[in-house]
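# Below are the sequence and a predicted model; questions follow.
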Amino acid sequence: MDFKDFTKSYIKDLSSLLEDLDLNEFDKFRTLITNCKSNIYIIGNGGSAATASHMANDLAIGLKRRDNLVLNAISLADNIAVTSAIANDIGYENIFYMQLKDILKPDDILIAISCSGNSANIIKAVEYANKLDATVVGLSGFDGGLLKKLSTIKLHINSKKDEYGLVEDAHLILNHILFSYLLKENNG
């Protein structure tokens, strides 16, 4: 397959995955964010960590600087000193849980991003959030893994296993759809 054909195929596959999104779940997410009066914590590994950072930026700063919503959104993947200290001292599976421990409140939101939905550090943080009755928004791919099962709001990209690029692209597009909608909704 040449590059042009591959590109057309990739775009077609991405579009197909997005068209299969459960829009009712996505609207629940929009409503949750629009009405948020508490903290939003966002977690992810690798490419999903980059999406967590991007989402925190859009929700916390992108909206506020345009006199839109004022949200306290924080990516827990952003502080390499904290995450590496926790990983070194008590294990990588604790990097998000330990940051949430004794801080997360029941009215807070945890946005967990994981292509596989099975990352041990994501699942541990989600289980902790569920124990506190915080709202968990899970952005998953492949078959959804445990994250899909444990999430309050399920934003699942139903892809083939190991389609990381497509799933990560879709998750970032969902962020941009939400951000763009909130800008229009709140600024007319």
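Cool, got the structure.
# Touching, residue 47 and residue 169? I think so.
No: with contact defined as CB atoms under 8 Å, residue 47 does not reach residue 169; the gap is 9.3 Å. All C-beta atoms are positioned from the backbone trio N, CA, C, and that covers glycine.
# Could you name the helices and strands sitting against the biggest helix by length in the chain?
When the chain is parsed with DSSP state H, its longest helix is helix 164-187. In this structure, helix 164-187 makes packing contacts with helix 3-19, helix 23-34, helix 47-56, strand 135-140, judged by 3 or more CB pairs under 8 Å, 6 or more residues apart in numbering; DSSP states H and E.
# So what touches the third one?
Right, the one you point to is helix 47-56. Helix 47-56 has contacts (CB atoms under 8 Å, 6 or more residues apart in numbering) with 40, 42-44, 73-78, 111, 113-115, 139, 164, 168, 171-172, 175.
# what do you get for the last one?
For strand 135-140, contacts defined as CB under 8 Å, 6+ apart pick out 29, 32, 48, 51, 108-117, 126, 129-130, 144, 147-148, 150-157, 167, 171, 174.
# re earlier: return the most buried member of the helices and strands packed on helix 164-187.
Most buried of the helices and strands packed on helix 164-187 by mean neighbour count (mean count of other CB atoms under 10 Å) is strand 135-140; its value is a mean of 25.
# Between helix 164-187 and that one, find me the angle.
Angle, strand 135-140 to helix 164-187, by axes from the mean of the first three to the mean of the last three CA atoms, to 10 degrees: 140 degrees.
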